[in-house]
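Novice: How does the following fold in three dimensions:
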Amino acid sequence: MNNRIYLDNAATTPLDPMVLEAMMPYLTTQFGNPSSIYSYGRETRLAIENARKSVAKILNAHPAEIFFTSGGTESSNTVITAAVRDLGCKHIITSPIEHHATLHTVEHLYHTGEAALSYVKLLPNGHIDLEDLEKLLSQSEEKSLVSLMHANNEIGNMLDIHAVGNLCKLYNAIFHSDTVQTVGHFPFDLRNTPVHFVTGAGHKFHGPKGVGMLYINENVKITPYIHGGSQERNMRAGTENVYGIVGFAKALQLATNAFETQSAYIKGLKVYMMEQLKKQIKGIHFNGDPLGTSLYTVLSVSFPKTEKSEMILFNLDINNICASGGSACTSGADAGSHVIRAINNNPNQVTVRFSFSKNNTKEEIDTVIAKLTEMI
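Specialist: Predicted coordinates:
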């Protein structure tokens, strides 16, 4: 069996061995409940608070603004619901290409009659039309919640978070940004970013699955989404995921320390793959704005649809190559991608997302290109 080539890092990443090492004591000997008053519990409580301080420092936030959750989905559900129920936002403005954790939450609030719902227009390259956003904000009679992701998980397009935040300020709107694809991949300065809520997920930057974070700006007061205890400063009930939290903080620390070299290396892989694909395969199309304002980790490629290319993901899988689909309409169980449908609704193309990490190599990309050339 040849080795697996893993190019689906936007879905999840392998756990860094140094992160596992930091987590191990809390999986073995340091198992005290952080809510207990004896020293055994106090040690795990201290581990959580040190993790919080570390995350806050890296993101330039106050430790009191950082809450640990089970991941990006819970974080987004919590704040979108709170914006409507606690902060009086009766109108939600979002985009058709958000992650389902956002889209399904806002649709739910719309269907229960709790909020009106508007979708901002997209430019042909997949970026948000800021003029349309301003139009929606200026016409809104109700207080608005704007929920727009910092970077799209399928095509990689990045939002000008400051421009959107300043528009929200101007119209007294609440701003939530799903930053799951960017926390751990870009530097943040939350003290100087006009945003009320951002989210993160440990498994997107070589941390463990099942742990995430939520930043709640200190000027905003919301009530808990999960009830039943005083954990996370009364914001999230339930015994804390101590080893997950420790792992999240460690992974964020490692990612931050290596940002300069790793981001340049990964961007190099992406650009190399683009060049090689253009050279080897005719009629290829890249979705979004891959060389512009975009994630260096994600490349969305549309191949011309043929008998052969329709089976492309299946054939990649048979060849031990992990990538993810993203076609506008696909047969079988997969209903296709709402993101690709919104920006490139071409039934004659088959879309594949390749996403990279520090563990990938040029040799792997050469192998994948060779396989793709055979397949198409």
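Novice: if we look at the sheet, which residues does Thr94 bridge to?
Specialist: On the basis of DSSP bridges, Thr94 is bridged to Tyr119.
Novice: list the contacts for it?
Specialist: 102-103, 106, 117-120, 146-148 (Cβ atoms under 8 Å, 6 or more residues apart in numbering). (C-beta placed from N, C-alpha, C; glycine too.)
Novice: Buried ones only from those, please, as a ChimeraX command.
Specialist: Buried members of the contacts of Thr94, defined by 16 or more other Cβ atoms under 10 Å, are picked up in ChimeraX with:
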select :102,103,106,118,119,120,146,147,148
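Novice: Sitting in helices, which of the contacts of Thr94 do you find?
Specialist: 102-103, 106 (DSSP state H).
Novice: of all these, which comes closest to Thr297?
Specialist: Thr102 (19.8 Å; Cβ to Cβ).
Novice: For the closest one, list the residues it contacts.
Specialist: Taking Cβ under 8 Å, 6+ apart, we find Thr102 in contact with 76, 80, 94, 147, 149, 178.
Novice: where does it sit relative to Leu145, distance-wise?
Specialist: Distance of Thr102 to Leu145, given as Cβ to Cβ, to the nearest Å: 11 Å.
Novice: Overlap in contacts, the two.
Specialist: What both Thr102 and Leu145 touch, as defined by Cβ under 8 Å, 6+ apart, is the set Ile80.
Novice: picking up where we left off before, and the furthest pair within the contacts of Thr102?
Specialist: Ile80 and Met149 (12.3 Å).
Novice: related to what we said a few turns ago, got the ones in helices among the contacts of Thr94 as CSV, with distance to Pro17 and pLDDT columns?
Specialist: Shown next, in CSV, are those (distance: Cβ to Cβ, whole Å; pLDDT from 0 to 100):
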residue, distance to Pro17, pLDDT
Thr102, 33, 98
Leu103, 36, 98
Val106, 39, 98
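Novice: and which of those residues is nearest to Met213?
Specialist: Thr102 (16.3 Å).
Novice: Can you give me the distance of the closest one to Glu142?
Specialist: From Thr102 to Glu142 the distance is 19 Å (Cβ to Cβ).
Novice: Likewise for His62?
Specialist: Taking Cβ to Cβ, one finds His62 at 30 Å from Glu142.
Novice: Give me the more crowded residue out of these two.
Specialist: The residue with more neighbours, out of His62 and Glu142, is His62; 15 against 12, by other Cβ atoms under 10 Å.
Novice: For that one, list the residues it contacts.
Specialist: 56, 218.
Novice: With the one 5 residues further on instead?
Specialist: The neighbourhood of Phe67, defined by Cβ under 8 Å, 6+ apart, consists of 213-216, 232-233, 235-236.
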